[in-house]
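Trainee: Turn this into a structure:
(one chain, ligands or ions: 1)
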Amino acid sequence: MRSFVPDYDLIRARDVAHATALLKEGFRPIAGGTDLMVLFNAGKLPYRKVVSIRRLPELTGVVVSETSVAIGAAVTYTQIRRHEALNREFPLLCSAASWTGSLANQNRGTLGGNIVNASPAADSAPALLVYDADLEFVSAAGVRRLPYRDFHFAYKRMNMQEDELLHMIHLSRNHALSQQYIRKVGPRKAQAISKVVFAAGSEITGKVISDVRVAVGSVAPVPLRCYRTEQLLNGRRVSAPLIEQAAQTIAAEVQPITDIRSTESYRRMVVVNLLSEFLRTLE
Ligand SMILES: Cc1cc2nc3c(=O)[nH]c(=O)nc-3n(C[C@H](O)[C@H](O)[C@H](O)COP(=O)(O)OP(=O)(O)OC[C@H]3O[C@@H](n4cnc5c(N)ncnc54)[C@H](O)[C@@H]3O)c2cc1C
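Mentor: Have a look, this model is predicted:
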């Protein structure tokens with residue numbers, strides 16, 4: 001059944017303080033609306049009061065400082081794709097932005113919306129995990145910062161209160177990831193929810209791997225950072241036997257399911273193949 005529009009309240013926030021005051025009164029944020037309006041249209045939105053945060057200047061900019069980049073939660077994929085410093089230093093995030101939905105989605109959809117919607121298949125999540133992103137929340141009670149790796153704790157369950165607004169996503173510019181790799185596997189090149197999205201980064205010195213980070217989407221109830229695989233790889237010399245061992249480790253570490261988009265065995269095989277491909281680029 002479709003929703004009846006006059007049944008809903010929509011207020012456009014004047015500023016962040018106005019938005020957080022409304023959240024305290026039970027309003028929920030809408031940014032680009034590309035996830036939320038799907039629920040609304042289907043009559044499945046579980047609340048009737050929404051506050052638009054899409055045009056708040058505090059949420060729509062990218063600020064580059066000496067040590068980090070702060071991306072406003074309502075920054076769109078198009079802004080990310082076109083941002084020079086992000087392309088230079090955080091190419092995995094820009095690639096993920098470039099293959100999210102269609103161009104229309106990229107013009108409206110925001111990074112903050114992708115994070116808070118909390119789909120395990122979200123395309124930005126593995127890149128954010130590899131870059132060790134930090135999230136900054138704001139509420140009427142103040143500001144809170146949290147490593148993104150601690151945000152999701154079960155399917156669609158997050159370390160976030162209903163009166164909190166995701167304000168910024170912080171990326172450290174001091175990462176030592178000279179090698180970076182990302183792939184999305186889906187049924188087609190655009191408008192496709194991922195069967196698997198895989199991102200990785202590392203440093204390599206004389207074939208010895210260090211600071212390796214491996215993250216995967218669509219293969220567990222939450223976007224997954226593969227710590228066991230990383231532990232196996234760190235400090236080791238890249239070689240065919242190590243790649244084989246890493247393949248077995250990651251195959252055991254992911255927890256894919258069979259659903260409408262793919263099968264458990266296909267997803268596991270793709271993760272193994274992509275990890276092996278990444279490691280071969282280090283040889
Ligand atoms: C046709 C189509 C194709 C798509 N393709 C892809 C794809 O390929 N890959 C992919 O990952 N996703 C895809 N999506 C999903 C969607 O576009 C993204 O998740 C997008 O980033 C959501 O951002 P938004 O600003 O539109 O969020 P909204 O729909 O506005 O909000 C989503 C949720 O986040 C909350 N929220 C938003 N911003 C904040 C904030 N700052 N603080 C607190 N809560 C907030 C909202 O309350 C809501 O619960 C697709 C969607 C559609 C309709």
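
Trainee: what number of residues lie near the closest residue to the ligand within the stretch 51-200 of the chain?
Mentor: Residue nearest to the ligand within the stretch 51-200 of the chain: Gly113 (2.2 Å; C-beta to the nearest ligand atom). Using the backbone N, CA and C atoms, a C-beta is placed for each residue, glycine as well. Look at Gly113: counted by other C-beta atoms under 10 Å, it has 25 neighbours.

Trainee: and it, which of the three is it?
Mentor: helix (DSSP: H, G, I helix; E, B strand; the rest coil).

Trainee: Excluding chain neighbours, what is closest to it?
Mentor: Excluding the flanking residues, the one nearest Gly113 by C-beta to C-beta, 6 or more residues apart in numbering is Ala31, at 4.4 Å.

Trainee: Equivalent analysis for Val222, please.
Mentor: Val222's closest residue in space is His152 (C-beta to C-beta, 6+ apart), at 3.7 Å.

Trainee: Identify the bridge partners of that neighbour.
Mentor: According to DSSP bridges, the partner residues bridging His152 are Met158.

Trainee: Looks like it contacts Ala118 (just checking).
Mentor: Yes. In this structure His152 lies within contact range of Ala118 using C-beta atoms under 8 Å: 6.0 Å.

Trainee: Touching both of the two, which residues are there?
Mentor: The contact sets of His152 and Ala118 overlap at 158, 222 (C-beta atoms under 8 Å, 6 or more residues apart in numbering).

Trainee: And those two? Which one has more around it.
Mentor: The residue with more neighbours, out of His152 and Ala118, is His152; 24 against 19, by other C-beta under 10 Å.

Trainee: Contacts only, for the more buried one.
Mentor: Taking C-beta under 8 Å, 6+ apart, we find His152 in contact with 118, 120, 158-159, 222-223.

Trainee: Buried only: go through the residues you listed for me.
Mentor: 118, 120, 158, 222-223 (16 or more other C-beta atoms under 10 Å).

Trainee: hang on, Val143 packs against His167?
Mentor: Yes. Taking C-beta under 8 Å as the definition, Val143 is a contact partner of His167 at 7.4 Å.

Trainee: So the two - more neighbours on which side?
Mentor: Neighbour totals were compared for Val143 and His167, and His167 leads with 26 against 11 (other C-beta under 10 Å).

Trainee: That one - nearest residue in space that isn't next to it in sequence?
Mentor: Using C-beta to C-beta, 6+ apart, the closest residue to His167 is Val138 (4.4 Å).

Trainee: Next one: the one you found from Leu23, what distance?
Mentor: 10 Å (C-beta to C-beta, to the nearest Å).

Trainee: Grab the nearest non-local neighbour of the most centrally placed residue in the chain.
Mentor: In the chain, the residue lying closest to the centroid (C-alpha atoms, centre = their mean) is Ala125, at 2.2 Å. Excluding the flanking residues, the one nearest Ala125 by C-beta to C-beta, 6+ apart is Pro223, at 3.4 Å.

Trainee: same deal with Thr34?
Mentor: Excluding the flanking residues, the one nearest Thr34 by C-beta to C-beta, 6+ apart is Gly109, at 4.4 Å.

Trainee: Ala96 is in contact with the one you found, correct?
Mentor: No. Counting by C-beta under 8 Å, Gly109 does not reach Ala96; the two are 11.6 Å apart.

Trainee: which of those two has more neighbours?
Mentor: Set Gly109 next to Ala96 and count neighbours by other C-beta under 10 Å: Ala96 wins out with 28 against 25.

Trainee: doesn't that one fall inside a helix?
Mentor: Yes. Counting by three-state DSSP, Ala96 falls inside a helix.

Trainee: For it, give me its contacts.
Mentor: By C-beta under 8 Å, 6+ apart, the residues touching Ala96 are 123-124, 126-127, 182, 184, 197, 199.

Trainee: tell me which strands and helices whatever helix or strand Val212 lives in is in contact with?
Mentor: Using DSSP states H and E, Val212 sits within strand 208-217. Under the contact definition 3 or more C-beta pairs under 8 Å, 6 or more residues apart in numbering; DSSP states H and E, strand 208-217 sits against helix 125-130, strand 196-205, strand 224-225, helix 227-233, helix 264-281.

Trainee: Distance to the ligand and mean pLDDT added to these, as CSV?
Mentor: Below are those laid out as CSV (distance: least, C-beta to the nearest ligand atom, whole Å; pLDDT from 0 to 100):
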stretch, distance to the ligand, mean pLDDT
helix 125-130, 8, 98
strand 196-205, 8, 96
strand 224-225, 15, 98
helix 227-233, 23, 98
helix 264-281, 16, 97
